[in-house]
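Participant: Below are the sequence and a predicted model; questions follow.
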Amino acid sequence: MAFLVQFTASLLAILVLAWFARRLGLGRDARIRDEEHAQLLADEVVYGFEALKTAVDEFGRAALLQDAAGRVILVKLHGAQFSGRLLGPEAEALIWDDLGERELQVSSGEWLFGKACLHIADPDDWARAVKAAKEPAHA
Amino acid sequence: MPEFSPIDFAVPAFVLLVLIEMIWAQRKRPGGYEPRDTLTSLAFGLGSSVTGLLTGGAVLALSLWLYQFRLFDFGAEWWMLWWLWPLCFVLDDLGYYWFHRFAHRVRWFWASHVNHHSSQHYNYSTALRQSWTSFFALSFIFRIPLTLLGFHPAMILFVGAFNLVYQFWIHTEAIGRMPRWFEAVMNTPSHHRVHHATNPLYLDRNYAGTFIVWDKIFGTFQAETDSERIRYGIVRQLGTFNLLWSVFHEWVGIAQDVWRAPWRHKLSYVWRPPGWTHDGSRDTSDMLRAQWLERQAPAAPEASEKSVPNDNSIAVKEKPA
């Protein structure tokens, strides 16, 4: 019984702390600033990755980068930080047409990693690049 | 033996410090906290206390059984020997260093310890991101030598709890550097930020619990450099706040790798360092550091390998180090 009380109290304390963090407005306003920022983030995904071509979402939510070998990295906002994946055979790219606004939706194929939406200039080119991208053997 | 749990008394202080740090973050570093990350970290802490409760009895029973085979006998009233307490604390901290080093260098132990590193934030809530699977990973074996030496399991648990409490306050970006004498001997926020970093320069460094001297003695110390922007988390960031995936992802990874690997390589996916693969398709921390050093060298042959005066060295292509 004492354990249940302690557990419930701890759970409530946790929820209050998370609510307080939200109330203070912490962790907002993160975005991918520009191509240079996207390159820095891609380099954290694959060390030494040098992008020849970069597309950054208009709202800074995500970016796609392609190197000379045709490899494509997706970098996306993850909370107040960023996370990325080298896209492989499981990756998918779809173009959504919403009242004339075309948006590219990219998935790494990793369910929990989620999808990224990119409002970029040339979604068709990038959709093709994603489909062509092949991740090196990854045991 | 007095009944007293340091952690029970410390929890209110933990909560208070988290609140204070959040207010600091709002003013100085709004990105230092993220509500979903905080929720995940705290849920880790709660779950860890539950699993600790469920498995603690078994560990204590095993320790008490092993205690009968002790090398030294400090008498029936061992708790009255004042000098035994600090001695036990120091030796337990040494044991912690080696546990922690193995926890980073052997994938089996890493699968459990990775929980603590899975946040991309570094704040007091991260300190509470404790493992749920440390019993399964057999992490308790690192405390067995102390029991066999003659330290009573209750004393080891007590000093271990103090060690854990000490390590709470160092999980922050709000504190820069402590006085030099303190930085020289003790583990500090600065030293531990290095430990939580994924920058190649910092990977697998500063394993200390309370005393940083162990890292200096065993060659794993790395000082924090002002010019190196620290990135926290793990080499392959999770990209999700899903609690269960955060807890078990590395165990799933081991199972998948062992399943897919040729027979002669299967065990290597369990005991070799995280990132090791039989086909070289992934990188260990040593490989990442070597690549990083190689990238630095041509640009600045005169630079010392510990000097990285750039905002983000991992991303630098041409700038001299």
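Facilitator: Thanks, I have it.
Participant: Output the below-cut-off pLDDT ranges for the chain.
Facilitator: If you meant another chain, say so; for now it's chain A. A:134-139 (pLDDT under 70).
Participant: Wait, chain B was what I had in mind.
Facilitator: In chain B, residues with pLDDT under 70: B:1-4, B:298-321.
Participant: what are the ranges of the helices in the chain?
Facilitator: Going with chain A. A:2-23, A:35-45, A:123-132 (DSSP state H).
Participant: ah, I was thinking of chain B
Facilitator: Using DSSP H, helices in chain B cover B:6-28, B:35-67, B:84-105, B:107-117, B:124-127, B:144-149, B:153-168, B:180-185, B:189-196, B:213-218, B:243-260, B:268-271, B:285-296.
Participant: could you check whether the second one is close to chain A?
Facilitator: What it means is helix B:35-67. Yes. Residues of helix B:35-67 contacting chain A under C-beta under 8 Å from any C-beta of the partner chain: B:P35, B:R36, B:D37, B:T38, B:L39, B:L42, B:A43, B:G45, B:L46, B:S49, B:V50, B:L53. Any C-beta I mention is one placed from the backbone N, CA and C, and that applies to glycine too.
Participant: Show me which of those is closest to A:D98.
Facilitator: B:R36 (26.9 Å; C-beta to C-beta).
Participant: The closest one contacts B:T240, doesn't it?
Facilitator: No. Using C-beta atoms under 8 Å, B:R36 is not in contact with B:T240; the gap is 9.7 Å.
Participant: okay, now the residue nearest to B:R177 when sequence neighbours are not counted: neighbour count?
Facilitator: Once flanking residues are discounted, B:R177 sits nearest to B:S190: 5.1 Å by C-beta to C-beta, 6 or more residues apart in numbering or on different chains. Neighbour count for B:S190, taken as other C-beta atoms under 10 Å in any protein chain shown: 18.
Participant: Can you report how many residues lie near B:S119?
Facilitator: 29.
Participant: scratch that, B:A137
Facilitator: 18.
Participant: doesn't B:F109 make contact with it?
Facilitator: Yes. Applying C-beta under 8 Å, one finds B:A137 in contact with B:F109, separated by 5.5 Å.
Participant: Which residues are in contact with each of these two?
Facilitator: Residues touching both B:A137 and B:F109 (C-beta atoms under 8 Å, 6 or more residues apart in numbering or on different chains): there are none.
Participant: residue contacts, the residue minimising distance to the centre of chain A?
Facilitator: By C-alpha atoms, centre = their mean, chain A has its centre lying nearest to A:K76, at 1.9 Å. A:K76 makes contacts with A:R61, A:A62, A:A63, A:F82, A:S83, A:G84, A:G114, A:A116, B:G239, as judged by C-beta under 8 Å, 6+ apart.
Participant: now do B:M178
Facilitator: Counting by C-beta under 8 Å, 6+ apart, B:M178 has contacts B:M186, B:T188, B:P189, B:S190.
Participant: So what does it look like in phi/psi?
Facilitator: phi -90, psi 170 (degrees, to the nearest 10).
Participant: how far away is it from A:E110?
Facilitator: Noted for B:M178: a distance of 41 Å to A:E110, by C-beta to C-beta, to the nearest Å.
Participant: Also A:G88?
Facilitator: 10 Å.
Participant: what does A:G100 give?
Facilitator: With C-beta to C-beta as the criterion, A:G100 and A:E110 are 31 Å apart.
Participant: Same drill for the two, tell me which one is more crowded.
Facilitator: Between A:G100 and A:E110, counted using other C-beta under 10 Å, the more crowded position is A:E110 (14 against 5).
Participant: residues near the residue in the stretch 201-321 of chain B positioned nearest to chain A, how many?
Facilitator: The nearest approach of the stretch 201-321 of chain B to chain A comes at B:G239, 3.5 Å away (C-beta to the nearest C-beta). Residues lying near B:G239 (other C-beta under 10 Å) number 22.
Participant: List the residues that contact it.
Facilitator: A:K76, A:H78, A:S83, A:G84, A:R85, A:E110, A:L112, A:F113, A:G114.
Participant: rerun at 10 Å
Facilitator: If you count contacts by C-beta atoms under 10 Å, 6 or more residues apart in numbering or on different chains, B:G239 has them with A:74, A:76, A:78-79, A:81-85, A:108, A:110, A:112-114, B:120, B:245.
Participant: same deal with A:R28?
Facilitator: Taking C-beta under 10 Å, 6+ apart, one finds A:R22, A:G79, A:A80, B:P30, B:G31, B:E34, B:P35 in contact with A:R28.
Participant: Find the residue closest to the second one in space, skipping its chain neighbours.
Facilitator: Spatially, and ignoring its direct neighbours in sequence, A:G79 is nearest to B:E34 (4.0 Å; C-beta to C-beta, 6+ apart).
Participant: what do you get for the first one?
Facilitator: In this structure, A:R22 finds its nearest non-sequential neighbour in B:P35, 4.1 Å apart by C-beta to C-beta, 6+ apart.
Participant: Surely the one you found and A:R23 touch.
Facilitator: Yes. Here B:P35 reaches A:R23: they are 8.8 Å apart, a contact under C-beta atoms under 10 Å.
Participant: picking that back up, tell me the two of the contacts of A:R28 that are most distant?
Facilitator: Of all pairs drawn from those, the greatest distance, 14.0 Å, lies between A:R22 and B:G31 (C-beta to C-beta).
Participant: B:S125 is in contact with A:G27, correct?
Facilitator: No. Between A:G27 and B:S125 there is no contact under C-beta under 10 Å: 11.6 Å.
Participant: Now do the shared contacts for those two.
Facilitator: A:A21, B:Y33, B:E34, B:D37, B:T38.
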